[in-house]
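J.: sequence first, predicted model second:
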Amino acid sequence: MPVDALDARILRLLLEQPRTSVREYARILGVARGTLQARLDRLEREGVIAAAGPRVFPAALGHPVLAFVRIEVTQGRLDHVGEALAEVPEVVEAFSITGGGDLLARVVARDNAHLEDVIQRLIGVPGVLRTRSEIALRERVPERMLPLVKSLAAEVPGQRGPTDQPVVR
């Protein structure tokens, strides 16, 4: 979906100040609350943004081990295996991919022994041929969208930031 200058300003503000009210966003952007809410509703409806929720950190829940597991799947079983992965609580994300493997799952565990148990559970799913795991050592770039939104905003004519004041992080 192409974004206009106001959409880009809204997205940037949502990322820079995620805990602000809709009323305050409208004030900062200099638009009516109804206009802002309509834009937010459209951005959500079109899949640009998701309803906000807390970001939960698996390590804080006792699952500090993070692994990326490549899964090779028997042809014709991709949907079935994907549904089975959704039943494993330690699988926090999974994507069908190209290249080495058919699925890439982000898996969390309490320790390496627990990770092995989770992988054994994955191997036991009908249609899984083999897995290959890579354990993450340290996060180097946390999940982020602000740089992307800023780069898109630079492409929109007349784009400015939400405010003329520097953002405090």
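T.: Perfect, thanks for sending it. Since the structure is predicted, the reported quantities are computational estimates derived from the model, not experimental observations. Residues are numbered from 1 along each chain as shown.
J.: residues touching Ala136, list them.
T.: Taking Cβ atoms under 8 Å, 6 or more residues apart in numbering, we find Ala136 in contact with 66-68. In short, each C-beta sits where N, CA and C put it, glycine included.
J.: nearest to Gly99 among these?
T.: Using Cβ to Cβ, Phe68 comes nearest to Gly99 of the contacts of Ala136, at 12.7 Å.
J.: what about that closest one, neighbour count?
T.: Other residues lying near Phe68 total 14 when counted by other Cβ atoms under 10 Å.
J.: my read is that it contacts Ala105, right?
T.: Yes. With contact defined as Cβ atoms under 8 Å, Phe68 reaches Ala105; the gap is 7.3 Å.
J.: which parts of the chain are strands?
T.: 65-73, 91-96, 103-109, 128-135 (DSSP state E).
J.: and stretch 152-169, average pLDDT?
T.: Averaged over stretch 152-169, pLDDT sits at 52.
J.: domains in the chain, by residue range?
T.: With domains defined by automatic domain parsing, the chain comprises 5-54, 58-135.
J.: dump these to JSON lines, plus distance to Leu148.
T.: Listed next are these as JSON lines, based on distance: least, Cβ to Cβ, whole Å:
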{"stretch": "domain 5-54", "distance to Leu148": "9"}
{"stretch": "domain 58-135", "distance to Leu148": "18"}
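J.: sorry, back to before: list just the nearest of the contacts of Ala136 to Leu14.
T.: Closest to Leu14 out of these is Leu66 (26.5 Å), distances taken as Cβ to Cβ.
J.: what's the neighbour count on the closest one?
T.: There are 19 residues near Leu66, going by other Cβ under 10 Å.
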